[in-house]
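In: With the input below, show me the fold.
(2 chains)
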2 protein chains.
Amino acid sequence: MGTPRLLDQHALVIGANGFIGRHVVRRLLAEGAAVRIMDISPATEEFSQLEQATGSVADTELLASAVDGVDLVVYLANSSLPGSASDDLSGEVTAHVAVTVKAAEICAQKGVKRFLFASSGGTVYGASSEAPLKEDSPTRPRNAYGASKLSIEHYLSLLRRERGLITLPLRISNPYGRGQRALRSQGFIAAAMQHAVEGTQLSIWGDGSVQRDFLHISDLVEAFVAAALAEDPPEVVNIGSGRAVSLREVLEQVEAAVGRKIDVTYAPGRHVDVARNVLDITRARETLGWEPQVSLGEGLARTAKWWLERSE
Amino acid sequence: MGTPRLLDQHALVIGANGFIGRHVVRRLLAEGAAVRIMDISPATEEFSQLEQATGSVADTELLASAVDGVDLVVYLANSSLPGSASDDLSGEVTAHVAVTVKAAEICAQKGVKRFLFASSGGTVYGASSEAPLKEDSPTRPRNAYGASKLSIEHYLSLLRRERGLITLPLRISNPYGRGQRALRSQGFIAAAMQHAVEGTQLSIWGDGSVQRDFLHISDLVEAFVAAALAEDPPEVVNIGSGRAVSLREVLEQVEAAVGRKIDVTYAPGRHVDVARNVLDITRARETLGWEPQVSLGEGLARTAKWWLERSE
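Out: Below you'll find the predicted structure:
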């Protein structure tokens, strides 16, 4: 058996129109994979030549036909967002957990070989910790988003053991880069970029001392490639920079990258915020042969370039 | 504020007709609590004088009326069994996880103060371990039952933090005692008792060296009482004997207690079996002031008495 290559594979990217999805599709195409896309919204012009399935992952017939003949599924669909309200937890279980588990079961039935799932390194662990979080650290999801991601992981692990579908949840830290919009609550760096470029006021929770783990999108995309190709992938893996950076430091570096000051106001911290969240990425290094290549300064410079071009 | 007492409380036991449920109801009644019961099947004659709701926990109207005015809910309902097939995982998520989370949400809305949930110490951890399992040990559920129990725990934890309902999952080891039937795959000791009493052949998986943690039902019931009354209950707690006993040793002790030999055959071990599963009960001791009182020999003697009386 030779080294697996993406060139020989049929891949389906679910959630292909999102920030991560678009980058993953481009990268898989560059490797020569036969890429099919699925999203709730129709494909943009860039991907209009690709085979596409437009609709919800909850549409099991659509999904079953989309995965037909597919080797690799990259599952990026989300029915909820990290900051979404949690006033209907059982609805979240039905809409997010049951739908995702069903999608993975369909993949197993249809003979898909590998199912890469975007889990959340920022919300499944929950507890604040000085030390970088390992995959075996205690998990106490701090919001509904994290509870759902972690619950899905449990069932994916069963599918792997019992039905031969190699499932691999990637517990991703905070990705950033070109193409990430500031509209939703996901991207702190995108928000900072937008405020820097547009000169508007940025309000952040707490005093900015909170530390997070930011990962450039190109490193994340390489992690998906490594996860797709690893011969003996782990059960679950952290994908982050492995570095804790304070929001204040990020703001300073964004200002430097954009070349403009940001007008920041500080609001009292939310009780859900944890002081520090940084991932230990030893397992990814050892089992996927992956590690981040893009420094925060370099990543922010590239991202700032994109924002500045957009604003011209 | 005085020490809380069950005497002053209205309690609802959900799953009241099961093995654990019947013992819990009796104990709460003995403490003077006002006890209401809910179960999918009608109450037996013993409980016919109690207020009762007969139906599924998925019937949200029935449940809402059953928890009206209730302080304490003991949730023992199960839509699946530890050994059940896992050929419809998403169905399991909908039928078990979503229904239980919805039930807890209704309890929160209706002003219930405390929600005790029967989780599973035997299936949420999964990995075999020489050392007794602590609540912070890695969780890798080894079957659908464990995945669902653990997923439910995640959402209960959110309800506790965000909606003021004190939820407490009890990760219970293997309970046994009078009243436990041998019909279902839950009770190894019940099965051994039945075969000893009836002289039929018992087939067990593996060579009998597998070690488990068995807890007498009266100790389990006291754990529920302690959990109901603890002023500052933990987020999750192991409830077991804290002792590892091999199946062979259990069989020998059952034979001694019943006074008859069991005809045992050994079948090849299932791949899901873990060699050893024993709970560390330090947290229960420290936070609930609870610890088991009934030795395995004493518990088996009491259980054997019940089986022998039944067979006369």
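In: List the pairing partners of the helix or strand of chain A with the lowest mean pLDDT within its sheet, with orientation.
Out: Lowest on mean pLDDT, DSSP states H and E among the helices and strands of chain A sits strand A:201-205, with a mean of 88. Looking at strand A:201-205 with DSSP bridges, its partner strands are strand A:263-267 (parallel).
In: who's in contact with the strand it pairs with?
Out: Applying Cβ atoms under 8 Å, 6 or more residues apart in numbering or on different chains, the external contacts of strand A:263-267 come out as A:195, A:199-208, A:251. Bear in mind the C-beta positions are built from the backbone N, C-alpha and C, glycine included.
In: of those residues, closest to chain B?
Out: residue A:205 (17.0 Å; Cβ to the nearest Cβ).
In: Hmm, residue A:53 is touching residue A:37, no?
Out: Yes - if you go by Cβ atoms under 8 Å, residue A:53 and residue A:37 touch, sitting 7.5 Å apart.
In: Can you give me the buried ones in the least confident helix or strand of chain A?
Out: A:202, A:204 (16 or more other Cβ atoms under 10 Å in any protein chain shown).
In: now the longest helix out of those in chain A and helix B:144-163, what's the angle there?
Out: Scanning chain A for the helix with the most residues, using DSSP state H, yields helix A:144-163. Taking axes from the mean of the first three to the mean of the last three Cα atoms, to 10 degrees, one finds helix A:144-163 and helix B:144-163 inclined to each other by 180 degrees.
In: what helices or strands is the helix or strand just after helix A:144-163 leaning on?
Out: Sequence-wise, the next helix or strand downstream of helix A:144-163 (DSSP states H and E) is strand A:166-172. Applying 3 or more Cβ pairs under 8 Å, 6 or more residues apart in numbering or on different chains; DSSP states H and E, we find strand A:166-172 packed against strand A:114-120, helix A:144-163, helix A:217-229, strand A:237-239.
In: pLDDT weak spots in chain A?
Out: A:1-3, A:79-85, A:127-129, A:183-186, A:269-273, A:312 (pLDDT under 70).
In: quick one: the strands in it?
Out: Per DSSP state E, chain A carries strands over the ranges A:10-14, A:34-39, A:51-54, A:72-75, A:114-120, A:166-172, A:174-176, A:201-205, A:211-212, A:214-216, A:237-239, A:245-246, A:263-267.
In: Okay, now the sheet partners of the third one, with direction.
Out: To tie it back to what came earlier, the one meant is strand A:51-54. Sheet pairing for strand A:51-54, using DSSP bridges, gives strand A:34-39 (parallel).
In: Report how many residues lie close to the closest residue to residue A:37 other than its chain neighbours.
Out: Spatial nearest neighbour of residue A:37, excluding adjacent residues (Cβ to Cβ, 6 or more residues apart in numbering or on different chains): residue A:16 at 3.6 Å. Around residue A:16 there are 26 other residues, counting by other Cβ atoms under 10 Å in any protein chain shown.
In: ok, now the one 10 residues further on?
Out: In terms of burial, residue A:26 registers 15 neighbours under the definition other Cβ under 10 Å.
In: just the one 4 residues further on next, same as before
Out: For residue A:30, the count of nearby residues is 11 (other Cβ under 10 Å).
In: and stretch A:280-291, which residues are buried?
Out: In stretch A:280-291, counting by 16+ other Cβ under 10 Å, buried: A:280-281, A:283-284, A:287-288, A:290.
In: cool, stretch A:126-136 as well?
Out: Judged by neighbour count using 16+ other Cβ under 10 Å, the buried positions of stretch A:126-136 are A:126, A:129, A:132-133, A:135.
In: With stretch A:251-268 instead?
Out: Applying 16+ other Cβ under 10 Å to stretch A:251-268 flags A:251, A:253-255, A:257-258, A:260, A:262, A:264 as buried.
In: Among those, which pair sits farthest apart?
Out: For the buried residues of stretch A:251-268, the farthest-apart pair by Cβ to Cβ is A:257 and A:264; their separation is 15.7 Å.
In: and residue A:180, what does it touch?
Out: Per Cβ under 8 Å, 6+ apart, neighbours of residue A:180: A:19, A:186-187, A:189-190, A:217, A:303.
In: among the residues you listed, who's most crowded?
Out: Neighbour-wise, the contacts of residue A:180 (other Cβ under 10 Å) top out at residue A:189, 28 neighbours.
In: for the least confident helix or strand of chain A, the distance to its chain's centre please.
Out: 24 Å (Cα atoms, centre = their mean, to the nearest Å).
In: can I assume residue A:105 is in contact with residue A:159?
Out: Yes - counting by Cβ under 8 Å, residue A:105 touches residue A:159, with 6.9 Å between them.
In: and for these two, which residues touch both?
Out: residue B:89.
In: What residues does the stretch 51-200 of chain A have near chain B?
Out: Residues of the stretch 51-200 of chain A found near chain B, taking Cβ under 8 Å from any Cβ of the partner chain as the criterion, are A:86, A:88-90, A:93-94, A:97-99, A:101-102, A:105, A:136, A:138-141, A:143-144, A:146-147, A:150-151, A:154-155, A:157-159, A:162.
In: Drop the exposed ones from those residues and show what's left.
Out: A:86, A:89-90, A:93-94, A:97-99, A:101-102, A:105, A:139-141, A:143-144, A:146-147, A:150-151, A:154-155, A:157-159, A:162.
In: quick one on the thing from earlier: just send the buried residues of stretch A:280-291 back as JSON lines, with distance to residue A:113 too.
Out: Listed next are these as JSON lines, based on distance: Cβ to Cβ, whole Å:
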{"residue": "A:280", "distance to residue A:113": "28"}
{"residue": "A:281", "distance to residue A:113": "25"}
{"residue": "A:283", "distance to residue A:113": "22"}
{"residue": "A:284", "distance to residue A:113": "21"}
{"residue": "A:287", "distance to residue A:113": "18"}
{"residue": "A:288", "distance to residue A:113": "17"}
{"residue": "A:290", "distance to residue A:113": "20"}
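In: quick one: which of these is nearest chain B?
Out: The closest of those, once distances to chain B are taken by Cβ to the nearest Cβ, is residue A:283, at 12.8 Å.
In: wait, what's in contact with the closest residue to residue A:276 other than its chain neighbours?
Out: Sequence neighbours aside, residue A:211 is the residue nearest to residue A:276 in space, at 4.3 Å (criterion: Cβ to Cβ, 6+ apart). Each residue near residue A:211 by Cβ under 8 Å, 6+ apart is listed here: A:244-247, A:275-278.
In: hey, what's residue A:211 bridged with?
Out: If you apply DSSP bridges, the partners that residue A:211 bridges to are residue A:246, residue A:276.
In: Equivalent analysis for residue A:39, please.
Out: Residues in beta-bridge contact with residue A:39 (DSSP bridges): residue A:54.
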